[in-house]
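[1] Give me a model of this one.
(chains A and B)
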Amino acid sequence: MISSRLLAVLLVSLSAVTLTPAADFKPAIVYDFGGKFDRSFNQSASVGAEKFKKDTGIPFREFEITNAAQREQIMAQLAKRGSSIIVAVGFTQASAVERVARQFPEVKFTIIDAVVDLPNVQSINFREQESSFLCGMAAALASKTGKVGFIGGMDIPLIRKFALGYVEGAKYVNPNVEVFQNMTGTTPAAWGDPTKGAELAKSQFGRGADVVFHAAGATGIGVMQAAQDAGLLSIGCDSNQDYLHPGSVLTSAVKRVDVAVYKAFQDAKAGTWKSGQLVLGLAEDGVDYSYDEYNRTVLTPAMKRRLDQARADIVSGKLKVSEYKAQ
Amino acid sequence: METYTLIILLLAATIRVATPLLLAALAGMFSERSGVIALGLEGMMLGAAFASAAVAAVSGSAWLGLGAGIATGMALALLLAFACVTHRGNQVVAGMALNIMVAGLGPALALAWFDLGGQTPQLEGHGQRFLAITWPWAAAADKVPFPGRLYSQLLSGHNLIVYLAAVLVPLSAWVLYRTRFGLRLRAVGENPSAVDTAGISVTRLRYQAVMISGVLCGVAGTYLSTAASAGFVRDMTAGKGYLALAALIFGKWKPYPTLGACLLFAFTDALATRLQGVDLPLVGVIPVQFILALPYVLTVLLLAGFVGTAVPPSAIGVPYAKEK
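    As a prediction, the model looks like this:
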């Protein structure tokens, strides 16, 4: 008798829960190698998820990948436990998303930095070449030696995309500029080797570079440190990193992963989430260069004017930035 | 002229990269010469790197950081010696276990204490790190290409630990070949029962040797986190402990040849860094992947072809059991 009454109470409370959609909405996010405190790419994603939590009061599940075998497992588990939307951060998650999304067609997936062509997957990519172009311009404008550097993390098409935009931007300002390019490695370990990053930066400084741009995740921390130690300039990546070494960081190639994550969560909650491809560039505020109180001393108003002009030209289509195509 | 400066910069980079390798290889030398396989170098270095970065960040003193690094290296060495010498455990397994333990423990403690995702706070320049020391008259000497620039760019301008490592090579050679302790150390690695018969404790000697290797790894770890970079990051040793072990074998367990091996490895690494994307005459631009593999290819070639047989201490890896 008691148990059936209990059951009735339970049923009532359960149906009450299902009536309020907010409580039913369960977002989840899976970070990539480097972890959510890499002060760069993943951290930006984490900021977006935290903002969603703050604005809506809805908690989210999160997971930091530490070895490749975990990806599919954790995504399947999150899907099984009734997540409404799973955001996978990073191109390396593509194959895991593809398999899990097939198994759970009712769950929404959003992947960042890769394309997965399935009816329940949204692929968000950025035109990194556009922000890199502006950073290349800034580097060439700030350089006194006419030599600037680029240090990538793992040698993959995405990072080549950064490099190409950077070179084009630098040459746009100064056709005679010399650009040194280095990649840290060919494995995911290349995202987390600051000692190597610092050594690569020093080698570029030795060859005469006085501004160096990194697209290397946590390896970049070493690059920026080396620039600070040498009294030269560095350019940050993905997150706004100007605050790390005020006065030594010229600007940052900001990639608004936080906006992408926040929007995916909000859209899924509101029911306006759509699958398919989304490419965000300067025009969509998906990428940009940073300007704040930390780099105001090094990024002069004259440089800013030129960058803003180029920015407007890229948005209007007057200025074309080429995109790196992997063969 | 340009080439001359480039070569000097390349050699200066070689010295910077070689320092942690050399310290770890010397650490391995003491351990292996006593008959204990030094597979735990990586873990001891990583643990010390974490401890010194954490203490330097909290206390604001690089010297306290160095102290903490050495203390941590010694504590881990003690643990290793306890497993390998006292309990006669398998030395390979114990060393690997130490490496895996530290690889997880460092970031976990960093996460718990600093809440920065397994990193320690960024160290500030003054006081918290070992910075480059400029030798007297370096600026003046820089104007004279030879030998002035050799002095100002190659010899001057490194941090304290680099010079310390340079001093440690002759010191280690002296300890190993010119002191009673060194003689006993070498003997215990070759024939522990003879040492035991002479009335000297094998256990005590091996403990001492492993502890020395802990101290040296402590210095190496401190170099990585407070001198070469500014803070601890997950897995920041990046295999340097194993590379040091290779250098030690390459150097046939002797101090000066080991120094040579470390410098060679570091040189190929520094060269690889500088060859990337450079348009070479005749060959053109070499693909990045090939350049990055160069140090390893060279190692394999040298080990296979030029070193000759490297004979390890005969009692290495064999736990000593006193006959009952």
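[2] Just the local confidence number for the residue most central in space within chain A, please.
    Nearest to the geometric centre of chain A sits A:Phe41, at 3.9 Å (Cα atoms, centre = their mean). At A:Phe41, the model reports a pLDDT of 86.
[3] any idea how far it is from A:Ile159?
    A:Phe41 sits 11 Å away from A:Ile159, going by Cβ to Cβ, to the nearest Å. Glycine gets a C-beta too; all of them are placed from N, C-alpha and C.
[4] On the three-state scheme, A:Glu62 is what?
    In three-state terms, and counting by DSSP: H, G, I helix; E, B strand; the rest coil, A:Glu62 is strand.
[5] OK, contacts around it?
    A:28-31, A:36, A:46, A:49 (Cβ atoms under 8 Å, 6 or more residues apart in numbering or on different chains).
[6] Kindly recompute the last result at 7 Å.
    A:28-29, A:31, A:49 (Cβ atoms under 7 Å, 6 or more residues apart in numbering or on different chains).
[7] Distance from the helix or strand hosting A:Ala227 to the middle of the chain?
    For A:Ala227, the host element (DSSP states H and E) is helix A:219-230. On the basis of Cα atoms, centre = their mean, to the nearest Å, helix A:219-230 sits 20 Å off its chain's mean C-alpha point.
[8] How about stretch A:43-55?
    Worked out by Cα atoms, centre = their mean, stretch A:43-55 lies 13 Å from the chain centre.
[9] what comes into contact with that stretch?
    Contact with stretch A:43-55 is made by A:29, A:31, A:36-37, A:59-60, A:62, A:89, A:238-239, A:255, A:257-262, A:265-266, as judged by Cβ under 7 Å, 6+ apart.
[10] List only buried entries from those residues.
    Neighbour counting over the contacts of stretch A:43-55 (16 or more other Cβ atoms under 10 Å in any protein chain shown) leaves A:29, A:31, A:36-37, A:60, A:62, A:89, A:238-239, A:255, A:257-262, A:265-266 as the buried ones.
[11] Please tell me how far B:Gln128 sits from chain A.
    Here B:Gln128 is placed at a distance of 12 Å from chain A (Cβ to the nearest Cβ, to the nearest Å).
[12] which parts of the stretch 51-200 of chain B sit against chain A?
    Contacts of the stretch 51-200 of chain B with chain A, taken as Cβ under 7 Å from any Cβ of the partner chain, map to B:116-119.
[13] If you tally nearby residues, what's the number for A:Gln309?
    12 (other Cβ atoms under 10 Å in any protein chain shown).
[14] Helix or strand for it, just tell me which one.
    Short version, using DSSP H and E: A:Gln309 is in helix A:301-316.
[15] what packs against that helix?
    With contacts defined as 3 or more Cβ pairs under 7 Å, 6 or more residues apart in numbering or on different chains; DSSP states H and E, helix A:301-316 has these neighbours: helix A:128-142.
[16] Need the contact partners of the helix it packs on.
    So helix A:128-142 is in contact with A:148, A:161-162, A:164-170, A:172-174, A:177, A:211, A:213, A:233, A:235, A:250-251, A:253-255, A:281-282, A:287-289, A:298-299, A:303, A:306-307, A:310-311, A:314, A:321, A:323-324, going by Cβ under 7 Å, 6+ apart.
[17] Tell me the secondary structure at whichever residue of the stretch 1-150 of chain B sits closest to chain A.
    Using Cβ to the nearest Cβ, the single residue of the stretch 1-150 of chain B nearest to chain A is B:Gly117, 2.4 Å away. For B:Gly117, the assignment made with three-state DSSP gives coil.
[18] Enumerate every residue touching it.
    So B:Gly117 contacts A:35-37, B:111 (Cβ under 7 Å, 6+ apart).
[19] at 10 Å what do you get?
    A:31, A:34-39, A:42-43, A:46, A:64, A:218, B:107, B:110-111, B:233-234 (Cβ atoms under 10 Å, 6 or more residues apart in numbering or on different chains).
[20] mind showing which ranges of chain A have poor pLDDT?
    A:1-23, A:326-327 (pLDDT under 70).
[21] same check, this time on the stretch 151-300 of chain B
    B:277-278, B:282.
[22] which residues in it form helices?
    Secondary structure of the stretch 151-300 of chain B (DSSP state H, counting those that start in this stretch): helices at B:160-178, B:180-190, B:192-197, B:202-222, B:240-250, B:255-275, B:288-305.
[23] can you redo those helices as TSV with mean neighbour count?
    Shown next, in TSV, are those (neighbours: other Cβ atoms under 10 Å in any protein chain shown):
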stretch	mean neighbour count
helix B:160-178	17
helix B:180-190	19
helix B:192-197	16
helix B:202-222	26
helix B:240-250	24
helix B:255-275	21
helix B:288-305	14
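[24] And for residue 313, nearest residue in space, chain neighbours not counted?
    Reading this off chain A. Using Cβ to Cβ, 6 or more residues apart in numbering or on different chains and skipping residues adjacent in sequence, the residue nearest A:Asp313 is A:Leu319, 3.8 Å away.
[25] Chain B was what I was after
    Per Cβ to Cβ, 6+ apart, closest to B:Pro313 is B:Gly189, 3.5 Å.
[26] Kindly check the end-to-end length of stretch B:115-126 for me.
    End-to-end distance for stretch B:115-126: 24 Å, by Cα to Cα, to the nearest Å.
[27] what does the stretch 201-324 of chain B have sitting close to chain A?
    B:223-225, B:228-240, B:269-278, B:287-289, B:291-293 (Cβ under 10 Å from any Cβ of the partner chain).
[28] re earlier: how far does the helix holding A:Gln309 sit from the chain's center?
    22 Å.
[29] Could you tell me the angle between that helix and helix A:128-142?
    Using axes from the mean of the first three to the mean of the last three Cα atoms, to 10 degrees, the direction of helix A:301-316 lies 160 degrees away from that of helix A:128-142.
[30] buried ones in helix A:301-316?
    For helix A:301-316, the buried set under the neighbour-count rule, 16+ other Cβ under 10 Å, comprises A:303-304, A:306-307, A:310-311, A:314.
[31] any chance of those residues in CSV, with distance to A:Asn182 too?
    CSV is the format used below for the buried residues of helix A:301-316 (distance: Cβ to Cβ, whole Å):
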residue, distance to A:Asn182
A:Met303, 25
A:Lys304, 28
A:Arg306, 27
A:Leu307, 25
A:Ala310, 26
A:Arg311, 27
A:Ile314, 26
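[32] list the contacts for A:Leu278?
    Per Cβ under 10 Å, 6+ apart, neighbours of A:Leu278: A:110, A:112, A:122-126, A:260, A:263-264, A:284, A:286.
[33] no, scratch that, I was asking about B:Gly260
    Residues near B:Gly260 by Cβ under 10 Å, 6+ apart: B:247, B:250-251, B:254.
[34] what about A:Ser123, which helix or strand?
    Going by DSSP H and E, A:Ser123 is part of strand A:121-126.
[35] how about the strands in the stretch 101-250 of chain A?
    A:108-112, A:121-126, A:147-154, A:178-185, A:211-215, A:233-238, A:249-255 (DSSP state E, counting those that start in this stretch).
[36] So for B:Ala173, which of the ones you listed sits nearest?
    Distance to B:Ala173, taken as Cβ to Cβ, is lowest for strand A:178-185 among the strands of the stretch 101-250 of chain A, at 35.0 Å.
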